[in-house]
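*Asks:* What follows is a predicted structure for the sequence shown.
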Amino acid sequence: MNADRPARLRLIALARDPLAWFTALLLLFVFGMDELRPLFAAAFPTLDRPIFTQDSFLALTVAHIELVALSSAAAVIIGVGAGIFVTRSWGREFRPPVERMVAIGQTFPPVAVLAVAAPLLGFGQAPALIALALYGLLPIVQNTVAGIESVPVSAREAAEGLGMGAARILRRIELPLAMPVIIAGIRTSVIINIGTAALASTVGAKSLGTPIIVGLAGFNTAYIIQGAVVVGLLAIVVDLAFERLLRFVDRWHDSPASRRTPVLAAHG
């Protein structure tokens, strides 16, 4: 009986885990949308086709995740790089223009970016990736700068006293200590992009915005709800996954070894 207790505790923990529940709901809508046909038929009796069938929701979800992953990867590389650049002694004078540029990138409507980029790059993923990457830069740059600036001066001075160069201090001291703040910025950027990526369907890119656009064009509310629900569930699942990652990073930062000798560990 005692041997079964850990298994029961794990099952109880899993039952109380919101990530597990929302992941299950997402999988239900992605793989079991046809099974929900009676529900949508009852809710919208005037519709001949209450379920979006022009493409599978699995294919749409995979394409949507691909768009978000590629654009977010570009935003992370550019955003973290820009944040590091403006916190160096030789890049601080560029901080105001860099911050203004990324702020403009987020305030500029993604639809407008798509409208300008589509004639130049053609319809499909390319203009959508550019728009999403620009839209996701601001929180990454801001949090990278804030995270690096929050590193205690004493930690930098101790590292310099041990003979560590600027590049090694950045790699072994500043970035690890700033990581929770940087991850929080990436989290915000990715969640923004998950919602915004639905607009990619307006320029011919496959995404979860496709049933929404088709539903708007054909006055089919069921299609709109199906696309919006899957986008919303995907955003919630990813947000909860980032929350789990941040807890892990925070636990590492709060560990005795991390608190006691961060500079000595990096030097060793």
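*Replies:* Yes, it's here.
*Asks:* make it CA atoms for all contacts and neighbour counts henceforth
*Replies:* Will do.
*Asks:* just the helices in the stretch 51-200 of the chain please.
*Replies:* 57-87, 95-107, 110-121, 125-135, 137-149, 153-161, 166-169, 175-196 (DSSP state H, counting those that start in this stretch).
*Asks:* Least confident of the ones you listed, on average?
*Replies:* When those are compared on mean pLDDT, helix 110-121 scores lowest, with a mean of 78.
*Asks:* Could you tell me the angle between that one and helix 95-107?
*Replies:* Counting by axes from the mean of the first three to the mean of the last three Cα atoms, to 10 degrees, helix 110-121 points 90 degrees away from the direction of helix 95-107.
*Asks:* still on that earlier bit, relative to Gln226, tell me which of the helices of the stretch 51-200 of the chain wins on proximity.
*Replies:* helix 57-87 (9.3 Å; Cα to Cα).
*Asks:* what helices or strands is that closest one leaning on?
*Replies:* Where contact means 3 or more Cα pairs under 8 Å, 6 or more residues apart in numbering; DSSP states H and E, helix 57-87 is packed against helix 18-31, helix 95-107, helix 125-135, helix 137-149, helix 175-196.
*Asks:* As TSV, these with distance to Leu58 would be great.
*Replies:* As requested, the helices and strands packed on helix 57-87 are arranged in TSV below (distance: least, Cα to Cα, whole Å):
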stretch	distance to Leu58
helix 18-31	5
helix 95-107	29
helix 125-135	18
helix 137-149	28
helix 175-196	16
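*Asks:* need the ones you listed in TSV with distance to Lys206 and mean neighbour count, can you?
*Replies:* Listed next are the helices and strands packed on helix 57-87 as TSV, based on distance: least, Cα to Cα, whole Å; neighbours: other Cα atoms under 10 Å:
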stretch	distance to Lys206	mean neighbour count
helix 18-31	15	16
helix 95-107	23	16
helix 125-135	8	25
helix 137-149	23	24
helix 175-196	13	22
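*Asks:* among the ones you listed, which is nearest Asp48?
*Replies:* For Asp48, the closest of the helices and strands packed on helix 57-87 is helix 18-31, at 20.1 Å, according to Cα to Cα.
*Asks:* which is the next helix or strand following that closest one?
*Replies:* Sequence order places helix 37-43 as the next helix or strand after helix 18-31, per DSSP states H and E.
*Asks:* The nearest residue to Gly79 once chain neighbours are set aside: what's it in contact with?
*Replies:* In this structure, Gly79 finds its nearest non-sequential neighbour in Val141, 4.7 Å apart by Cα to Cα, 6 or more residues apart in numbering. Under the criterion of Cα atoms under 8 Å, 6 or more residues apart in numbering, the contact list for Val141 reads Gly79, Val80, Ala82, Gly83, Glu99, Val102, Gly185.
*Asks:* The first one against Ile140, yeah?
*Replies:* Yes. Applying Cα atoms under 8 Å, one finds Gly79 in contact with Ile140, separated by 5.3 Å.
*Asks:* measure the most centrally placed residue in the chain to Glu66 for me?
*Replies:* Nearest residue to the geometric centre of the chain (Cα atoms, centre = their mean): Val190, 1.8 Å. According to Cα to Cα, to the nearest Å, Val190 and Glu66 sit 12 Å apart.
*Asks:* now Leu170
*Replies:* 31 Å.
*Asks:* One more: Val214?
*Replies:* Note on Val214: its distance to Glu66, by Cα to Cα, is 21 Å.
*Asks:* which of the two has more neighbours?
*Replies:* The residue with more neighbours, out of Val214 and Glu66, is Val214; 19 against 16, by other Cα atoms under 10 Å.
*Asks:* So what's the predicted local confidence for that one?
*Replies:* 94.
*Asks:* Isn't it up against Ile225?
*Replies:* No. At 11.5 Å, Val214 does not count as touching Ile225 under the criterion of Cα under 8 Å.
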